[in-house]
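1. Below are the sequence and a predicted model for it; my questions follow.
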Amino acid sequence: AMETKRQLDLLDKQLDGKSYLCGDEYTIADMAVWPWIKALSDGYKADEFLSLREYVQLNAWVERVGKRPAVQRGVRVNGFGRDAIEERHSRADFD
């Protein structure tokens with residue numbers, strides 16, 4: 001848990017003054033890290049244990065990335081959320 005908190009603190013500091021992990025542009029770094037952070041809260045339910053609310057910059061970033069249409073679609077496709085897609089055989093499955 002302490003190593004996870006160290007990494008969360010590092011990410012929070014990295015995001016200070018930036019929209020995304022590497023600056024003002026969304027990159028593969030954001031794509032790789034966002035699911036891990038979401039899994040800590042949504043999957044492991046570790047919000048309170050890890051004091052996730054304390055990481056202001058990180059929470060703003062999670063929200064910002066989560067609003068991206070491609071991210072929202074990816075969450076649905078991978079079976080998460082209320083509107084998760086059960087079948088993924090055609091574009092019509094997304095409607």
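-> Thanks, I have it. Residues are numbered from 1 along each chain as shown.

2. Who are the packing partners of the helix ranked longest in the chain?
-> Criterion DSSP state H: the longest helix present in the chain is helix 2-14. Packed against helix 2-14 by the contact rule (3 or more C-beta pairs under 8 Å, 6 or more residues apart in numbering; DSSP states H and E) you find helix 28-38, helix 47-50, helix 56-66. C-beta coordinates here come from the backbone N, C-alpha and C atoms, glycine included.

3. cutoff 6 Å now
-> Applying 3 or more C-beta pairs under 6 Å, 6 or more residues apart in numbering; DSSP states H and E, one finds that helix 2-14 contacts helix 56-66.

4. How far does the helix or strand of the chain with the lowest mean pLDDT sit from its chain's centre?
-> Least confident helix or strand of the chain, by mean pLDDT, DSSP states H and E, is helix 69-77 with a mean of 88. Its chain's average C-alpha position is 11 Å from that of helix 69-77, according to C-alpha atoms, centre = their mean, to the nearest Å.

5. List the buried residues in that helix.
-> For helix 69-77, a neighbour-count test (16 or more other C-beta atoms under 10 Å) marks 71, 75-76 as buried.

6. same check, this time on stretch 8-27
-> 8, 11-12, 14-15, 20-21, 26.

7. So what touches that stretch?
-> The contact list for stretch 8-27, computed with C-beta atoms under 6 Å, 6 or more residues apart in numbering, reads 29-30, 55, 57-58, 61.

8. Which members of those residues define the maximum pairwise distance?
-> Greatest spatial distance among the contacts of stretch 8-27 (C-beta to C-beta): 29 and 55, at 16.8 Å.

9. neighbour count winner among the two?
-> Each of residue 29 and residue 55 has its neighbours counted (other C-beta atoms under 10 Å); residue 55 has more, 20 against 13.

10. got a list of what the spatially most central residue of the chain touches?
-> Centroid check for the chain by C-alpha atoms, centre = their mean gives residue 34 as the closest residue, at 3.1 Å. Going by C-beta under 6 Å, 6+ apart, residue 34 touches residue 65.
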